[in-house]
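**Student:** give me the fold of what follows.
(one chain, ligands or ions: 1)
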Amino acid sequence: MLTDKQNLDRQVASPEGSPKASPRLLIAASGTGGHLFPALAVAEQLPDYQIEWLGVPNRLEKQLVPSQYPLNTIALEGFQQRFGLGTLRIVARFANSILVCRKLLKQGNFNGVFTTGGYIAAPAIIAARSLGLPAILHEANALPGKVTRFLSPLCSTVAVGFEVAAKYLKRAKTIYTNTPVRSQFLSPQKLDLPIPENVPLIVVFGGSQGAVALNQLVRECASTWFDAGAWVVHQTGDKDPDAATLEHPQYIQVPFYDNMAGLLQRANLAISRAGAGSLTELAVTGTPAILIPYPFAAEDHQFFNASVFKDAGAGLIFRQSELTAEVLKGEVLSLLQAPDKLQKMADAAASLAVKDSADRLANLVRQLIN
Ligand SMILES: CC(=O)N[C@H]1[C@@H](OP(=O)(O)OP(=O)(O)OC[C@H]2O[C@@H](n3ccc(=O)[nH]c3=O)[C@H](O)[C@@H]2O)O[C@H](CO)[C@@H](O)[C@@H]1O
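**Tutor:** Numbering: from 1, shown residues only. Below is the predicted model of the structure:
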């Protein structure tokens, strides 16, 4: 919790001159980079708000949410995993999570909730609305998730990351804001990797967790790309037992890389999953991409995301089940040999970027939660 001094620092003067307590905002964002980074980008635009975080224990929020935003956790993971244990138990668990959120909102005197969706959004939205507090939901995916589709009519406003998402949310008040990226993406970043200036750079990344299937394919293809003069930076995640098996002077492997902004700004081509966060960053950095949607993503939503990129001419989509190493090798080689085509794709990617997305969302928060 904040000290009295911090609370005082966060007070702003009202127009009449008397100090007015700054609004208190609960941000419910949990689990993956795709949910956490956009929420953090919005929080950064609200320095005059008193922000606390709502997450679940032992997920990425523990590492990513800075200590300036006190982290409250509720045990929703068990709720998701024990879905087969009987409806009564599930309902009881869920009802309890709503009660815990209501208590938190009341005791913390919060003025409203901002959430980026997923399971954590459900108790947060229901609790806020049952207390008459505003709830803003940001949905990053082209095909909104189940929680979003079900609870969006309850929300004060639903902000969508892709315009197409609004058509699935007809009963909600929607607004297009695109998806915020971390502030580093909005200015040129230095890349601290020993990569020569004029070589083509391929960046491979599999969302915030890495993608083992994609890693295997890339390792099979890489020598052909090295022979063509390309360098490869490969984000493998930390669950691939073979991550360290490829060694080559033109190859850099990392489990997780913090400076994705610098990396994508330098990349000539990305080979990537199609999480909403990754696609938004590829657009902001104007990076053409070969997209291989995660085949087990809920309701195949990554394919819907990738289709927006493909329809704009910014990328190619391959289904993992149909993609062989031979095809991937060839596609990458032919793109590297066609700089004009790569440039057109880069321009198309850049045309999808909305650089002030975090501002747009922060303004929405200021209008509705104050
Ligand atoms: C498997 C799955 O269902 N993933 C979902 C998850 O996102 P998930 O986190 O898997 O993927 P996203 O592409 O949305 O985001 C990944 C984020 O991690 C960052 N990153 C990644 C690797 C790295 O080394 N360093 C780094 O910083 C990327 O720059 C990006 O900001 O939520 C997204 C938003 O609802 C969905 O669109 C994704 O489909």
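**Student:** A159 in helix, strand or coil?
**Tutor:** At A159, secondary structure determined by DSSP: H, G, I helix; E, B strand; the rest coil is strand.
**Student:** ok, it - contacts?
**Tutor:** I136, L137, H138, E139, T174, I175, Y176, T177, R360, L361, L364 (CB atoms under 8 Å, 6 or more residues apart in numbering). No exception for glycine: its C-beta is placed from N, CA and C like everyone else's.
**Student:** also K146?
**Tutor:** K146 is in contact with A298, E299, counting by CB under 8 Å, 6+ apart.
**Student:** quick one: pLDDT of T3?
**Tutor:** At T3, the model reports a pLDDT of 39.
**Student:** now the one 10 residues further on
**Tutor:** Per-residue confidence at A13 stands at 39 (pLDDT).
**Student:** can you check L88 too?
**Tutor:** On the pLDDT scale, L88 gets 80.
**Student:** how about it, phi and psi?
**Tutor:** Taking degrees, to the nearest 10, you get phi -60, psi -50 for the backbone angles of L88.
**Student:** ok, it to the ligand distance?
**Tutor:** 29 Å (CB to the nearest ligand atom, to the nearest Å).
**Student:** OK, contacts around whichever residue of the stretch 51-200 of the chain sits closest to the ligand?
**Tutor:** Proximity of the stretch 51-200 of the chain to the ligand (CB to the nearest ligand atom) peaks at A140, 4.3 Å away. By CB under 8 Å, 6+ apart, the residues touching A140 are G34, H35, P38, T116, G117, G161, F162, T179, A276, G277, T280.
**Student:** now do K344
**Tutor:** By CB under 8 Å, 6+ apart, the contact list for K344 reads G313.
**Student:** let's test this: mean pLDDT of the helix or strand containing it, rounded?
**Tutor:** Using DSSP states H and E, K344 maps to helix 339-351. Summarised as a single mean, pLDDT over helix 339-351 is 98.
**Student:** ok, now stretch 307-315?
**Tutor:** On average, stretch 307-315 scores 98.
**Student:** how long is that stretch end to end?
**Tutor:** Using CA to CA, to the nearest Å, one end of stretch 307-315 lies 9 Å from the other.
**Student:** and that stretch, how far out from the chain middle?
**Tutor:** Taking CA atoms, centre = their mean, to the nearest Å, one finds stretch 307-315 lying 19 Å from the centre of the chain it belongs to.
**Student:** would you list the phi and psi of the residue of the stretch 51-200 of the chain closest to the ligand?
**Tutor:** The phi/psi pair for A140 (degrees, to the nearest 10) is phi -80, psi -20.
**Student:** show me which residues of this protein sit near the ligand.
**Tutor:** Along the chain, the residues adjacent to the ligand under the rule CB under 6 Å from any ligand atom are 32-35, 37, 140-141, 205, 207-209, 235, 256-257, 260, 275-278, 281, 294, 297, 301-302, 305.
**Student:** so how far is stretch 353-368 off the chain centroid?
**Tutor:** Taking CA atoms, centre = their mean, the mean C-alpha location of stretch 353-368 is offset from the chain mean by 16 Å.
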